[in-house]
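>>> Can you look at this prediction? I've put the sequence above it.
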Amino acid sequence: SDAERYELETSGEFGPEDYIAQPLVSEIYTADPSVHVWDDGRIYVYPSHDVDTGIPQDDLGSQYDMKDYIVLSMDEPGGEVTIHDVGLHVDDVPWARDKMWAPDAAEKDGKYYLYFPAKDYDGIFRIGVAVSDSPTGPFTAEESWIEGSYSMDPSVFKDDDGTYYMYVGGIWGGQLQRWTTGEYDDSPDLNQEDLEADEPALVPYVAKMSDDMLSYAEEPRDVLLLDENGEPLKAGDNDRRFFEAAWMNKIDGTYYLSWSTGDTHKIVYGTSDNPYGPFTYQGVVNLPVRGWTNHHSIFEYEGQYYLAYHDTQLSGVNHLRNVKITPLTINDDGTIEPVDPFFG
Ligand code: FUB
């Protein structure tokens, strides 16, 4: 079963030969890789920069106590990786207190926008933006978070018509369950979703970006995620329901939204003919990796799709991760061939 497999993978002893891909870098710990190939043809990885600050592990992910962002880049998959200077530090973000979690980036008219979640001084996750003339920074943060933003794991998708959309959200430590009324609910017992198993699961939200890329051009709206019968994925459907890490691709005219299932440790996906959804569940992108979290991006380089993801090969510690890249097969019928991060 998936559960047995996860137990084996997280408890077992593994050598490099057991993994289908190797860490991009070993000098620093990196996670949550958002990958883009900008107009210069180079591959840029916008990851979280994992550090250990001694905070004990809990179900809210308090041990994921990251402080800055460092961009990686390379000429081609498998090419030499450059670790760039710190692109943005939490001390240089006026509104942010801590928890610089999974970022993403966008390019528009020669400017680069780093989007990132962080907790404000009330401990509430918001989405921030910082701007640079360089894809690797340094990025200059705006004074405040993006108005109307909440929760974490932002990703920004550029559609063929030049419209940019941001997808956001994550449950449990990501706080999405605290926003179901539209206001932040600070109840101490609301650390997980408060739903019956047969109720619709929580979903990410999407908003079109303004022309200047610094704010939402509209009220965020829920992204509906449906099963094969057109019913919303249920809160008890832990193998498929949304947990965090939404990522958008458009492949042959179809919108593919992929996400992490969190406590079942998979990356799965659904498809739609509309960037707002609804998305119909299709299958698995990535089977459980070594480590609790599974967070990815999908990108195309010279006609080949790739999956960027992370595991804990180098540390064996959940919050000290390393990013990897491996080829991804899109089948002729448009389905994604699931990646097994282990040989054998
Ligand atoms: O890296 C911190 C958090 O862990 C991310 O925001 C989640 O997606 C999970 O990977």
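That came through, no problem.
>>> And for residue 116, the neighbour number?
31 (other CB atoms under 10 Å). Just so you know, the C-beta spots here come from the backbone N, C-alpha and C atoms, and that holds for glycine as well.
>>> again with residue 293
Residues near residue 293, counting by other CB under 10 Å, number 24.
>>> Same check on residue 41?
By other CB under 10 Å, neighbour count at residue 41 equals 10.
>>> before we move on, what about the one 3 residues further on?
Other residues near residue 44 number 22, with proximity taken as other CB under 10 Å.
>>> my guess is it meets residue 38, correct?
Yes - if you go by CB atoms under 8 Å, residue 44 and residue 38 touch, sitting 6.1 Å apart.
>>> Spit out the residues that contact the two alike.
Shared contacts of residue 44 and residue 38 (CB atoms under 8 Å, 6 or more residues apart in numbering): residue 135.
>>> Okay, now the sheet partners of the helix or strand containing residue 31, with direction.
Residue 31 belongs to strand 29-37 when assigned by DSSP states H and E. According to DSSP bridges, strand 29-37 forms sheet pairs with strand 43-50 (antiparallel).
>>> how about the CA coordinates for the strand it pairs with, as PDB?
Provided in PDB are the C-alpha atoms of strand 43-50 (Å, rounded to 0.1, in the frame of the first residue of the first chain):
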ATOM      1  CA  ILE A  43      16.900  27.300 -16.500                       C
ATOM      2  CA  TYR A  44      16.100  29.200 -13.200                       C
ATOM      3  CA  VAL A  45      15.100  27.400 -10.000                       C
ATOM      4  CA  TYR A  46      13.300  29.400  -7.300                       C
ATOM      5  CA  PRO A  47      13.400  27.100  -4.300                       C
ATOM      6  CA  SER A  48      12.900  27.400  -0.600                       C
ATOM      7  CA  HIS A  49      16.200  27.600   1.300                       C
ATOM      8  CA  ASP A  50      15.900  25.100   4.200                       C
END
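>>> quick one: the helix or strand following that strand to strand 43-50, angle?
Counting by DSSP H and E, the next helix or strand C-terminal to strand 43-50 is strand 68-74. Angle, strand 68-74 to strand 43-50, by axes from the mean of the first three to the mean of the last three CA atoms, to 10 degrees: 150 degrees.
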